[in-house]
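A.B. asks: For reference, the sequence and a predicted model appear below.
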Amino acid sequence: MTPRTRRDLLRLSALAALAVPLAACRTGYSDEPDPLASLAEQARADAAAANALASGAGAEASLAKQVATVRDAHARALQAEVDRLNRPKAPVHAETPGGSGLAGLKERLATARGQAEALVVPMERYRAGLVAAVAAGCAGLQQLDDRLGPGADPGTVSPVGSVPEESVDPLQKALDAEHAAVWVYGLVSAFLPANYNAGVAEGAGEHQDRRDACVRMLDAAGATPHGPEPAYITPKPVTDATSAKSVVATAEADAANAWAGVLARTDDEGLRKVALTALLGSARRGTRWRQAAGENPAALALIGVNA
């Protein structure tokens with residue numbers, strides 16, 4: 001065996017020193033197939049099925065077009081993220097519903113929403129926000145018509161016992177949005193006919209519950225919860241029923257975006273579940289108010305995700 005020279009030893013030492021940072025660079029990459037690939041494939045299949053139905057005329061075709069637009073946006077966003085990480089490829093397939101027409105699209109939306117919701121907690125932060133936005137987009141579509149939904153009610157938020165320090169600021173922003181939503185619901189009650197009373201009371205109650213949950217969580221974290229403003233400036237003056245519906249839709253979108261911000265700033269499982277519940281609730285309610293106000297699109301594709 002040839003004895004090693006001092007130069008050989010120095011070369012080995014240098015290679016050993018390089019091995020540590022190179023190994024560290026590899027730790028963010030997974031050899032496992034990308035779980036978002038199946039979501040992207042499902043979205044493509046759903047968009048294709050909706051486009052086929054949208055080729056006709058009438059109310060069914062109009063609903064199908066809205067589904068196609070949202071699910072196509074989901075497919076493109078999900079595929080872009082899959083391509084970004086470039087994990088090993090694996091065969092993927094989309095679930096095929098037993099029904100046809102709008103009944104088939106209803107099954108597809110329920111399936112896609114469930115698939116996305118199941119991935120929110122275990123995903124990395126940005127990906128958690130993306131799949132939550134996909135779930136919220138499907139939940140919004142389910143509210144367009146009973147033939148597409150209504151979909152599962154996400155329920156009310158249950159505050160977690162502890163909040164990570166890094167999540168305090170986004171939670172304060174969510175509280176700000178909830179304060180504003182409560183104020184907006186109080187404002188519009190004077191401009192809407194009596195048949196909207198139940199919807200206004202239900203929406204106001206949901207945002208009051210979320211506001212109170214935010215206060216409790218921030219108190220538990222040792223932070224001073226933000227208080228409400230005396231009044232809020234609406235995007236447009238509220239002068240009639242249509243403008244009242246529109247401002248409520250804006251308040252719901254603002255709340256949904258704020259909770260999407262919480263999702264993007266926490267790894268805490270409990271807080272992610274709280275944020276997802278709130279995001280889904282505002283996505284559903286916001287769709288109904290935009291539809292009532294005659295806004296298009298009524299269902300938003302990717303709440304809280306930068307295109």
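C.D. replies: On my side now, so go ahead. Residues are numbered from 1 along each chain as shown.
A.B. asks: Quick check: buried residues in stretch 81-94?
C.D. replies: By neighbour count on 16 or more other CB atoms under 10 Å, the buried set for stretch 81-94 is Glu81, Val82, Arg87, Val92, Ala94. The way it works is simple: take the backbone N, C-alpha and C, and place the C-beta from them, glycine included.
A.B. asks: Low-confidence stretches in this protein?
C.D. replies: The model of the chain has pLDDT under 70 over residues 1-30, 307.
A.B. asks: go again using 90 as the cut-off
C.D. replies: Across the chain, the ranges flagged by pLDDT under 90 are 1-33, 55-59, 85-100, 161-162, 264, 304-307.
A.B. asks: Provide a list of residues in contact with the residue positioned nearest the centre of it.
C.D. replies: Against the mean C-alpha coordinate of the chain, by CA atoms, centre = their mean, the closest residue is Ala133 at 2.5 Å. Ala133 is in contact with Ala77, Ala260, Leu279, Ala301, Leu302, Ile303, Gly304, Val305, counting by CB atoms under 8 Å, 6 or more residues apart in numbering.
A.B. asks: Show me where the protein has its helices.
C.D. replies: 6-26, 36-54, 59-85, 101-120, 125-142, 168-188, 197-220, 241-263, 269-292 (DSSP state H).
A.B. asks: Dump the ones you listed into CSV; add distance to Pro154 as well.
C.D. replies: Formatted as CSV, the helices of the chain follow (distance: least, CB to CB, whole Å):
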stretch, distance to Pro154
helix 6-26, 38
helix 36-54, 19
helix 59-85, 18
helix 101-120, 9
helix 125-142, 8
helix 168-188, 15
helix 197-220, 10
helix 241-263, 11
helix 269-292, 4
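A.B. asks: Name the member of the contacts of Ala133 with the most neighbours.
C.D. replies: Most neighbours among the contacts of Ala133, by other CB atoms under 10 Å: Leu279, with 30 neighbours.
A.B. asks: Leaving out the residues flanking it, which one is nearest to that residue?
C.D. replies: Nearest non-adjacent residue to Leu279, counting by CB to CB, 6 or more residues apart in numbering: Trp259, 4.4 Å away.
A.B. asks: And the contacts of stretch 196-207?
C.D. replies: By CB under 8 Å, 6+ apart, stretch 196-207 touches 156, 178, 181-182, 185-186, 188-189, 192, 248, 252, 255, 281, 285, 288.
A.B. asks: what separates that stretch from the chain centre, distance-wise?
C.D. replies: How far stretch 196-207 lies from its chain's middle: 22 Å, per CA atoms, centre = their mean, to the nearest Å.
A.B. asks: ok, now stretch 86-105?
C.D. replies: Distance of stretch 86-105 from the chain centroid (CA atoms, centre = their mean) equals 20 Å.
A.B. asks: Between the two ends of that stretch, how far is it?
C.D. replies: Start-to-end span of stretch 86-105 (CA to CA, to the nearest Å) is 30 Å.
A.B. asks: related to what we said a few turns ago, of the contacts of stretch 196-207, just say which sits nearest to Asp34.
C.D. replies: Distance to Asp34 across the contacts of stretch 196-207 (CB to CB) is lowest for Gly281, with 29.0 Å.
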